[in-house]
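[1] pasted the sequence and its predicted model underneath.
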Amino acid sequence: MTVKKLLKLHAWKPIAVMLFVWLMYQLWFDETGILANISMATQIENQKETNAAIEARNQVLIEEISAIKSGMSSIEAKARKELGMVKKDETFFIVLGKKAETINE
């Protein structure tokens with residue numbers, strides 16, 4: 001065989017190898033490749049957890065809003081608990097727990 005015939009028979013092989021390498025790069029390392037999809041799946045799971053926590057917090061806030069809209073008793077209870085509100089003619093007591101250590105004289 002002559003050199004020309006050998007070149008014609010085997011000229012496609014380097015092109016096929018280059019095409020294969022390019023396609024493998026696209027499959028694994030491109031922005032839409034397998035590694036990017038794995039990373040995106042992890043980000044999606046993290047975002048779902050964050051969304052669930054925010055949804056739970058929002059549900060608590062919605063319940064608080066409906067309780068406040070329902071009447072003054074919930075507003076008063078919240079003020080007593082969080083702000084230490086005392087009504088007129090009420091006596092406010094603070095009960096302290098026992099000390100762990102007693103002082104001997």
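    Perfect, I can see it now.
[2] so T32, which state does it fall into?
    coil (DSSP: H, G, I helix; E, B strand; the rest coil).
[3] tell me where this protein has helices.
    3-10, 12-29, 34-70, 72-78 (DSSP state H).
[4] just name the most buried of the ones you listed.
    Neighbour counts averaged per stretch over those are highest for helix 72-78, at a mean of 12; criterion: mean count of other Cβ atoms under 10 Å. Glycine gets a C-beta too; all of them are placed from N, C-alpha and C.
[5] rewinding a little: now the helices of the chain as a markdown table including distance to D89 and mean pLDDT?
    Listed next are the helices of the chain as a markdown table, based on distance: least, Cβ to Cβ, whole Å; pLDDT from 0 to 100:
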| stretch | distance to D89 | mean pLDDT |
| --- | --- | --- |
| helix 3-10 | 105 | 82 |
| helix 12-29 | 76 | 92 |
| helix 34-70 | 26 | 93 |
| helix 72-78 | 15 | 78 |
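[6] just put those helices in TSV and tack on distance to G84.
    Compiled in TSV, the helices of the chain are given as follows (distance: least, Cβ to Cβ, whole Å):
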stretch	distance to G84
helix 3-10	90
helix 12-29	61
helix 34-70	19
helix 72-78	12
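[7] alright, calling it a day.
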